[in-house]
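A.B. asks: Got a predicted structure plus its sequence, pasted below:
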Amino acid sequence: MTRWKPAALAALASTIILWPADGVPAGSVHPGPMSRAEAFARAEALTALGRQMFFDPSLSASGKQACSSCHDPDHAFGPASAAPVEMGGPDLDQPGQRAVPSLRYLQAAPAFTEHFYDSEDEGDESVDNGPTGGLTWDGRVDHGKDQARIPLLSPFEMANKDEGAVVAALRKAAYAGAFKAAFGDDVFDHPQDAFDAAVEALGTFEQSSVDFYPYSSRYDAFLAGKAQLTAQELRGRALFEDEAKGNCASCHLSEPANDGEPPQFTDFGLIAIAVPRNPAIPANADPVYFDLGLCGPLRIDFKGHGEYCGLFKTPTLRNVALRKSFFHNGYFHTLREAVAFYASRDTDPGRWYPKNADGMVEKFDDLPKAYRGTLNTDPPFNGKKPGDKPALTDAEIDDIVAFLGTLTDADQAGQ
């Protein structure tokens with residue numbers, strides 16, 4: 001599968017807040033036209049406000065769960081625990097359905113498109129790279145403010161019964177005055193506008209470069225000529241980029257873009273790799289339940305599109321060494337296991353998948369047979385069969401894991 005380079009879509013990423021230029025509709029929480037300096041000052045104010053909201057547990061139905069409870073800043077805004085899913089709901093007893101992703105390095109994610117044609121792809125704009133972009137594991141929203149709505153209202157996350165419940169909590173918050181200063185003294189008199197303002201502030205905070213995309217890893221310093229990698233890390237990098245070996249860089253882009261933008265370590269595409277079914281997720285106790293990513297159940301606009309079933313977003317690998325659970329269902333709990341799965345999914349399926357009553361390995365057990373045509377078979381899979389030599393040796397897997405350890409941001413290095 002051919003993959004695109006982030007420079008091709010950098011112009012599509014909304015990294016600066018745009019403000020109305022021709023008046024303000026009644027009830028709007030936005031200001032009128034403003035200078036560039038005023039716009040940046042406002043962005044700073046919303047960033048500060050969003051930061052306060054992000055750490056405020058009173059914005060949940062339980063009164064005990066903030067955004068930061070699952071997106072821990074000390075773990076690159078990902079989960080601190082090794083649990084495959086987090087608990088939420090009014091009594092914090094409702095399990096989620098997917099692993100919590102990191103919120104770092106999402107600023108360049110383009111809007112979702114069903115068919116992406118990369119003008120930089122070997123000069124051939126006719127190549128369809130398939131579903132690309134968006135946020136969340138299934139790409140169902142395009143902007144941080146839309147992503148922020150999901151946990152605030154999800155029954156198994158912060159579990160507010162509606163937007164009005166969030167606004168009621170904001171009215172009582174210690175920062176209610178700052179909220180009114182940013183959005184108008186009467187903002188709480190318009191509950192829908194107040195809720196829209198709240199998620200806008202959260203989305204603005206999540207665009208903060210200091211917190212969310214510092215590019216401060218040792219690999220970034222290496223690319224800038226300010227640090228060295230060890231011999232093992234250099235071998236790991238070569239294997240990571242080798243199209244016949246790890247081939248990781250085909251989706252997790254590791255080279256700077258043409259404009260010098262640091263590598264994102266994702267192409268923002270959606271891909272099916274058939275991670276084993278995780279029995280530790282309560283929803284999976286139902287044998288007819290399957291999380292099929294792009295075609296549902298959490299995303300509904302592609303329901304019935306079998307060609308998209310099993311596809312999940314390719315996450316950035318920045319700070320991946322900090323994680324304690326991997327992939328959309330948190331099945332693996334070490335980075336080495338995750339890399340080894342790629343190396344031997346098809347050559348040693350019995351290592352990863354359970355056996356049926358007849359002793360046969362139930363390969364791809366979390367993806368119904370009807371949808372297995374979506375599976376990625378590029379290297380390191382590459383049409384291999386049980387008993388074939390895997391693409392990577394144990395030593396080579398260790399080398400790749402060592403390289404991935406260089407992607408940890410400086411502020412996270414002690415975690």
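C.D. replies: Received it, and whenever you're ready, just let me know what you need. Numbers count the residues shown, from 1 in each chain.
A.B. asks: end-to-end on stretch 288-299?
C.D. replies: With C-alpha to C-alpha, to the nearest Å applied, stretch 288-299 spans 18 Å between its terminal residues.
A.B. asks: what's next to that stretch, contact-wise?
C.D. replies: For stretch 288-299, the surrounding residues in contact (C-beta atoms under 8 Å, 6 or more residues apart in numbering) are 97-98, 131, 136-140, 270, 272, 283, 302-306, 308-312, 328-329, 366-368, 371. Every C-beta, even on glycine, is put in place using the N, C-alpha and C of the backbone.
A.B. asks: Now for residue 414, how many residues are close by?
C.D. replies: Counted with other C-beta atoms under 10 Å, residues neighbouring residue 414 total 7.
A.B. asks: so how far is residue 372 from the residue of the chain most remote from its centre?
C.D. replies: Outermost residue of the chain with respect to the C-alpha centroid, by C-alpha atoms, centre = their mean, is residue 358; its distance is 38.2 Å. Distance from residue 358 to residue 372, counting by C-beta to C-beta, to the nearest Å: 20 Å.
A.B. asks: So how do I select the buried members of the contacts of stretch 288-299 in ChimeraX?
C.D. replies: A single ChimeraX command selects the buried members of the contacts of stretch 288-299 (16 or more other C-beta atoms under 10 Å):
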select :97,98,131,136,137,138,139,140,270,272,283,302,308,309,310,311,312,328,329,366,367,371
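A.B. asks: List the ones among the contacts of stretch 288-299 that fall in strands.
C.D. replies: 270, 312 (DSSP state E).
A.B. asks: in the chain, which helix or strand is least confident?
C.D. replies: In the chain, no helix or strand scores lower on mean pLDDT, DSSP states H and E than helix 36-54, which sits at a mean of 93.
A.B. asks: Quick check: next helix or strand after that one?
C.D. replies: helix 67-70 (DSSP states H and E).
A.B. asks: for that next one, what is the average pLDDT?
C.D. replies: For helix 67-70, mean pLDDT rounds to 98.
A.B. asks: number of nearby residues for the nearest residue to residue 209 once chain neighbours are set aside?
C.D. replies: Closest residue to residue 209 apart from its sequence neighbours, by C-beta to C-beta, 6 or more residues apart in numbering: residue 107 at 7.7 Å. Residue 107 sits with 17 neighbouring residues when counted by other C-beta under 10 Å.
A.B. asks: what secondary structure does residue 107 sit in?
C.D. replies: coil (DSSP: H, G, I helix; E, B strand; the rest coil).
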